[in-house]
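In: need coordinates for the following:
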Amino acid sequence: MLIRQIEKFLEETAMPSTKFGRLAAHDPRFVGDLRNGRTPRARTRTRIERFMNQYRETADAL
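Out: Modelled structure (predicted):
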């Protein structure tokens, strides 16, 4: 599930959930909404996964 991937990402990066939502989905409530049962569209899911992968790649390069 996407929320599990996001929770792991947040733990790894120590990023607040609202910052993640702002950066990845342009919605600071995104993670909270997912925690409360929101189901993202396929396009949104793809965009979120791409954001996490690119963020990790950038962090690894530093």
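
In: show me where this structure has helices.
Out: 2-13, 17-25, 30-35, 42-61 (DSSP state H).

In: dump those to a markdown table, plus mean neighbour count and mean pLDDT.
Out: C-betas here are computed from N, CA, C, even on glycine. Output for these, formatted as a markdown table (neighbours: other Cβ atoms under 10 Å; pLDDT from 0 to 100):
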| stretch | mean neighbour count | mean pLDDT |
| --- | --- | --- |
| helix 2-13 | 14 | 98 |
| helix 17-25 | 17 | 98 |
| helix 30-35 | 18 | 98 |
| helix 42-61 | 12 | 95 |
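
In: quick check: end-to-end length of stretch 26-45?
Out: This stretch, stretch 26-45, spans 13 Å end to end (Cα to Cα, to the nearest Å).

In: how far is that stretch from where the chain is centred?
Out: 9 Å (Cα atoms, centre = their mean, to the nearest Å).
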